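S.K.: Pasted the sequence and its predicted model underneath.
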Amino acid sequence: MPSTPVSDFVVSVPSMSYLDRSPIDTDTPQQPSRCDITMDAIKSYIINHKLVPGDSLPTETELCQAVKASRSSVREAVRKLEALHIVKVVHGRGTFVGDLSLEPLVETLAFRAMVKATSKQDFSELRNVVQVRRSLDKGVAEPIVAALKGTEQPELVEITDRMMQRANEGDSFLDEDIAFHSRLLAYADNAVLSQLSDSLWMVHMAVLPSLGLQVSAQLRDSAEAHRAMLDAALAGDADAYRRAVDDHYRPIDAILADELDR
């Protein structure tokens, strides 16, 4: 297997592992560690060899030779890349390209929002997540409406019926909410967008209950907004769909605005 210097890998794919860090001393530029450089080299190896999730990587010895890095640097880099779902280590079998999921992003965003909210009673981070979710939902109005116009969607209708029933009983409908948005966004035919939206939704729902914010009074409004989104899509009305999305987010917007104004 031909070996390539680490510097060649770093040139081919710009470093993502350290450029976004905030150094403790802002007057002194933070230099990438050997592990950071090795991580970028391994990522570049995956890209340059056109590997996809599930494909195997070379053995540890071969990988050390390929990226011109020490065994300790490769081991540390692999551990960090595994935490990011970029690689997956299967003991007794080897190292493989990971599933590249957005789970690490979800965990970081959720923790960041909870830290700000619980330590400083600052709900701006959660509001930012909500704003991005709304933008995504409105941005895919056209493809969703085009896909659903004139069709019958008994599954989505049943989900919104359950939302209405649970709202009338004063119960939340987290499972139905997740299922509704997941199924709806599938019609946008954009896997990246669907995964990002699902991730932001999970951040939203992971943070909200932990903050003790009450949304029960708006349950029925939220359920009705979901049904309005579906009705607009089935009718082929993108403008009505976007209005329903705004209605869907209005209750949580009001709650967060009230908390931020305190």
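M.R.: Arrived safely. Numbering: from 1, shown residues only.
S.K.: what's near enough to touch Val74?
M.R.: Thr38, Ile42, Glu60, Leu63, Cys64, Val67 (CB atoms under 8 Å, 6 or more residues apart in numbering). (Glycine included, C-beta is placed from N, CA and C.)
S.K.: Let me know how buried the last one is, in neighbour terms.
M.R.: The one in question is Val67. If you count neighbours by other CB atoms under 10 Å, Val67 ends up with 26.
S.K.: try the second one
M.R.: As a burial measure, Ile42 scores 26 neighbours (other CB under 10 Å).
S.K.: same thing with the fourth one?
M.R.: Using other CB under 10 Å, Leu63 has 22 other residues around it.
S.K.: Confirm for me that Leu105 is in contact with Gln195.
M.R.: No: the pair Leu105 and Gln195 does not pass the contact test of CB atoms under 8 Å, sitting 9.6 Å apart.
S.K.: Pop out the phi and psi values for Phe96.
M.R.: In terms of degrees, to the nearest 10, the main-chain angles of Phe96 are phi -130, psi 160.
S.K.: Give the buried residues for the helix or strand where Phe180 lies.
M.R.: Element membership of Phe180, judged by DSSP states H and E, is helix 174-186. Judged by neighbour count using 16 or more other CB atoms under 10 Å, the buried positions of helix 174-186 are Glu176, Asp177, Ala179, Phe180, His181, Leu184, Leu185.
S.K.: Pick the one among those closest to Ile144.
M.R.: Closest approach to Ile144 among the buried residues of helix 174-186 (CB to CB): Leu184, at 6.2 Å.
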